[in-house]
Structure formats: structure tokens, C-alpha cells
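S.K.: here is my input, please return the structure:
(one chain, ligands or ions: 2)
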Amino acid sequence: MARKLKGTAAARGVAIAPIVHFHTTLDHIPTWKVKDDGVPAEKARLSGAIAEVTTNLTALQQELAGALAKHDVRIYDAQLAILHDATFRRDVEQEVTQHRVNLEVALQRVIARYEGVFAAMENPSMRERAADLRDIGRQLVGALIASERQKYTANGSDYLFAADEFLPSDAGILDRAHIRGIVTAHGGKYSHGAILARSLGIPCVVGIEQIMLESATGGMAIVDGDAGLVILQPTPEELADYERRLHEQRAIDRRIEEVRFQPSVTPDGTAVQLLANAEGVRDLESLEIEACAGIGLFRTEFAFMERRQFPTEDEQVAMYRRAMEGARGRPVTFRTLDVGGDKPLGYFRMPEERNPVLGWRGIRLCLDWPDILYTQMRAILRASALGHARILLPMVTTRSEVVRVREVLDQLAADLKATGVPFDPEIELGVMVEVPVLVPVLPDVLPIADFVSVGTNDLVQYLLAIDRDNQRVAKMYDPFHPGVLRVLQQIATMAAAAGKSASICGEIAGDHWFTPLLVGLGYRELSMAPVFLPRVKLMLRSFTLVECQDLATRALAMQSTSAVRRLVQDEIQPRWVRQLGAPAETKR
Ligand code: PEP
Ligand code: MG
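M.R.: Ligands and ions are numbered 1, 2, ... in the order given. Here you go, the predicted model:
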């Protein structure tokens, strides 16, 4: 078994704690060898799981008794019979005893064997039994894994989250005080899970395909979010080494924190607005708003994704008002619903798509379902009376989409005015630049947009034709590609020529290695996860505008991504290290 597993570094920092498995299913279960003296414990776990599933099934049966026909309620009798079948139990126990595998594996194997037998039977009702059996197996494994997890998550101890993926909805259920690190089998550095991990400040490594198979819940591990490494069962020397790194990290963090409330200017006085990205009102509650210039990207879809149905207009107004109050007069940039792609809405039926990231998402979806857009924009307009709100449209592909949204906005404003509902008549409408074809047509779009914000996460994905969630090609997803930098420069230049502001709200805005380049390319507004604000500010305060411009000019002339990375390493990193007055931090 490999102890050192290499993946993609997704959120910096180091964490040491026991691994806990999440989202496991019958197809994907933890596997470990059981020692001779561990067999009785596995048998006891089986009894516990059978008891728990029995309780759940009986309760469900009673609950549904009134709603289902009598013979349908008996489906649960059939399941209970399998659960208490002596042969089934004996076969599972034998699998553990003979092959020394953990109970989850034993269940998986026995169920697969039984399923094969049932599936080959002529009688259709016997074939149905295969489905019942599988369901029972899923429930037993679910109960076992939940109880294992509980041992580590219910007692207030620290743990590492391990799963196939870190889903946006996980952020709501996790105990933030005790989750120390995240490691996932899938995903890339720019998946939404990775973005969330970074904004929560949790070290994260993604793309370790075998993580769920090679580790077991409760096993000690180290997550190295700088090197993209996970070390299972660390040796005492490895533990000591990483404890020392944790200590150093805290010293660096203190230095970065010192600039938190200092002005965000270059040493020669060029101001660059640093704004925060927020995934919900909760983020604003924990944000020190005085440390930034406002909210540059409020991803409204996360509030929609956490719910069971669409929020009503009034519910949205209440949420947006809370965000405006939290921003205390600073701008709040509400991005309209950006679902689709890797952000599905459980309660909204979306078609199966072969290429969802090239499909029905963002403003495309909202323009096809104008009710969603009307309700949301009306709610934002109503909240705008409280301060400085801005509207931002995701995934814009053509000028005509902006024209249509403008018409909706004008119509809504006229309705509100007619009924005496207060709103900000000057509310700005901005466009995200994340679909590459929008770049050459920007001169046509800028006259009807008040500002643009570059969504580099998607823009880079589409420019490089690299799926931001696919770990197989994750290494090629590199925003330092000179072609990306040239496109960023074109956007900044066109926006300046049109007298419109251009910001960056993708992940590179919070990546301090990019800061001097982005300033040199012409950007004066960067919006990022709040954890990165002090880091980016310290970097900004380290290079004059002329130096930034010189670095950008050199980077733009380079012919390879590695040449740009070398430039960063040779010219930006040494000064950063001097600024920190601390040991060199590994550049990504
Ligand atoms: C982006 O694509 O850069 C962006 C900010 O949007 P999201 O990451 O939510 O797709
Ligand atoms: Mg995007």
C-alpha cells in the first residue's frame, strides 16, 4: 500500500489529523485488513448495523402505512427478512473470518454473489429480490460508515475530510471548527470544491484517485496542501517535520496579518481595490469588511443550492438586504444565478448533458426561464435602496444577451417606480468575461455594460480547453500560460479605452504570485476569497507600478508557461521572501 499519495495542491497549508470518509456508497467503500483479534469487533459492528437498519426500516414502514397499499408496505417485510436471514449473516461473517477483510468489503462481496444468483433466475419476482438485496447492502454500509464517522466527528476532535469530491453543499454541513484538511479523489484546482476549501482556509489536496481505497476512517494522515501530497500513517520523523512547518506557517501568517488594515497601494501610491468574494450571507458575517473595498462577487447560487426549492422574491430581498447591511455602504456585486455545469440545483430538473460546462448554464439558463431572472433582479433592485448594489451576469456569450437583460432591468425598474417601491435607479449592470468569444466583441458590449469582471476560472478552462474538474489534465490548467496573459491584457486595454472598470474575480485574483502581473496588465480591482486579502495586499505593497508593468511586459513576450513561471520565481519570489523575513515558501 502506498503511503505517500500525490495529487493536485488545491489549498495551501498543512494539516495533521485522522482521516474521516464521507459520501461512501456500496460501490465505493473503505478497505482494510482485519487482524485475527479484530474479527469479533467486525461481528459486533454487523449486529449494530443490522439493529440500526431494522429500526430505520420499521419506522419507515409505520410512517408509510397510511400512504401505501397493504401489499406495497410488505416490500419492507421482504427487506427485513433479508436483514435477519441467518444464512446471509453467516455468509458475511465467514467472509470476514476467512479473508480477514473489513465488514464493508465482506458485505459488498456477499451481496454481489447473491445478486448474481438472483439475476440469473427465470422468475421475475426473484430477480426483483436482487434490488432489495442491494438496497439492504447500501443501508448497512451507510450505517457502518456513519457510525465510524461519528466516532471522529461527534467528539469535537479535529479530522481530515476524505471523499470522492468536496461538494459545495458539504460546506454547510461540516463542523468548521474541527475540519483541518480536505482530500478528494476527483476534482481539479479550480473545481468549486477546491475554491470553497481555499476560501474556508482549509488545506486541500484533490485528484488522489485511490484515497478512499488506501485510507481508512480513523487512520492518521498529513495533508500537505502546498506540495499536493497526502501521507498516510506518518512516521514520527514525518510528524515532527510537519509540526515544524505548521509552526513556521503560523509565523508567516502573523506577518501577513500585519498589513490587513493598511492601504492597498503600491509603494509608489497606485491604488488597487481589493474586494472579497462571498458565497453567502454567512461569509459576510465572518468578514472584516473594513479590510476590503466591498464585495466584488457574491455567488448567489450557493444560497439557492442549499435550499429545497427556489427562494421567493421576499426571501431573496431579505438575503440581499442582509448582504448590503454587512457591506456597510461598500458595493456588493450580486452575480445572478450561475447554476448548471458542476453546480446543479436539486429541485430544478436539468437535462442530462454530454458536456455540461458547454451547456445550459449561467445567463443562458436564466434567459430561457425568465421567471427566475425577473424574480432575482427584482429582489436585487429592491435591496439596492439600502446602499450600493451591482448586478453581474455570468457566462455571457453575446451582446444580445446583455441587451435582453437590460430590457428586463428597465422594465422592472419602471414597475417598481410606478408602484412607489424604492430602489437605486443608477444600479450598475456588469458582465462577466468568461466565455472567450466575448473578448473580441467587447468593444460592442462595453457601451451597454457598466463594468466587466473577468471570471478567469472559466475563461482559462475554455481558452485552454481543459476541464477545471478533470484531474487527468489538471496539470495543464495553468493560468500563467502567456496566451492567457495576453487575453487578460486585451480585456484591460479595451475596458480602459471604453472608460469602464475591469476587475478580476476568478481565483488568480487571490493568488499573490499573480498580483504584480495583474497590476502591470492594467487591473485596478481584484476580488478574492477573504483569506487571501492580506497576502495579496502585502504583495501589492512590495512592487511599484513601473516594476509591475515591466514584469507584465516581459511575461507577455514569453513563449511558454514555464518561462512565465521562471520569471515569477526569479523576480517575484525573492522579494516576497524578503518581505516575510521568513524561510522561503514553496511556490506553486
Ligand atoms: C470564474 O469562472 O472565474 C468565476 C468567478 O465563476 P465561478 O468560479 O463561480 O464559475
Ligand atoms: Mg465562472
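
S.K.: ranges for the helices of the stretch 201-350 of the chain?
M.R.: Taking DSSP state H, counting those that start in this stretch, the helices of the stretch 201-350 of the chain run over residues 211-214, 236-257, 281-285, 301-305, 313-327.

S.K.: out of those helices, nearest to Phe543?
M.R.: With Cβ to Cβ, the closest approach to Phe543 among the helices of the stretch 201-350 of the chain belongs to helix 236-257: 16.1 Å. C-betas here are computed from N, CA, C, even on glycine.

S.K.: need the residues of the stretch 401-550 of the chain near ligand 1, please.
M.R.: Contact residues, the stretch 401-550 of the chain versus ligand 1 (Cβ under 6 Å from any ligand atom): 434, 455-458, 505-506.

S.K.: after the longest strand seen in the chain comes which helix or strand?
M.R.: As assigned by DSSP state E, the longest strand anywhere in the chain is strand 14-21. Next along the chain after strand 14-21, taking DSSP states H and E as the criterion, comes helix 39-64.

S.K.: mean confidence score for that next one?
M.R.: Here helix 39-64 scores 90 as its mean pLDDT.

S.K.: that helix: which residues count as buried?
M.R.: 42-43, 45-46, 49-50, 52-53, 57, 61 (16 or more other Cβ atoms under 10 Å).

S.K.: those: which ones sit near ligand 1?
M.R.: Among the buried residues of helix 39-64, ligand 1 is touched by none when using Cβ under 6 Å from any ligand atom.

S.K.: rebuild the residues you listed as TSV, extending it with distance to Asn355.
M.R.: Output for these, formatted as TSV (distance: Cβ to Cβ, whole Å):
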residue	distance to Asn355
Glu42	44
Lys43	48
Arg45	43
Leu46	44
Ala49	40
Ile50	44
Glu52	41
Val53	39
Leu57	40
Gln61	43
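
S.K.: next up, the contacts around Ile363.
M.R.: Ile363 makes contact with 336, 393-396, 401, 405, according to Cβ atoms under 8 Å, 6 or more residues apart in numbering.

S.K.: and the gap between it and ligand 1?
M.R.: 12 Å (Cβ to the nearest ligand atom, to the nearest Å).

S.K.: quick one: which of the buried residues of helix 39-64 is nearest Leu140?
M.R.: Ala49 (4.8 Å).

S.K.: which residue sits closest to Ala529, ignoring its sequence neighbours?
M.R.: Ser199 (3.3 Å; Cβ to Cβ, 6 or more residues apart in numbering).

S.K.: now swap in Val281 and tell me
M.R.: Val281 sits nearest to Arg322 (Cβ to Cβ, 6+ apart), 4.8 Å away.

S.K.: ok, Gln549 next?
M.R.: Gly520 (4.5 Å).

S.K.: list the contacts of the helix or strand that contains that neighbour.
M.R.: Using DSSP H and E, Gly520 falls within helix 515-521. With contact meaning Cβ under 8 Å, 6+ apart, helix 515-521 is reached by 266, 270, 272, 485, 488-489, 492, 504, 508-509, 526, 536, 539-540, 542-543, 545, 547-553, 555-556, 568, 572.

S.K.: using CSV, write down the CA coordinates of stretch 359-375.
M.R.: C-alpha atoms of stretch 359-375 as CSV (Å, rounded to 0.1, in the frame of the first residue of the first chain):
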residue,chain,number,x,y,z
GLY,A,359,-24.2,23.6,-21.9
TRP,A,360,-27.2,25.1,-20.3
ARG,A,361,-25.7,27.3,-17.5
GLY,A,362,-25.5,30.8,-16.2
ILE,A,363,-27.3,33.5,-18.1
ARG,A,364,-28.3,31.1,-20.9
LEU,A,365,-30.5,29.1,-18.5
CYS,A,366,-31.9,32.3,-16.8
LEU,A,367,-32.9,33.8,-20.2
ASP,A,368,-34.7,30.6,-21.1
TRP,A,369,-36.5,30.7,-17.7
PRO,A,370,-37.1,34.4,-17.4
ASP,A,371,-39.2,34.0,-14.2
ILE,A,372,-36.0,33.1,-12.3
LEU,A,373,-34.2,36.1,-13.7
TYR,A,374,-37.2,38.5,-13.1
THR,A,375,-37.6,37.4,-9.5
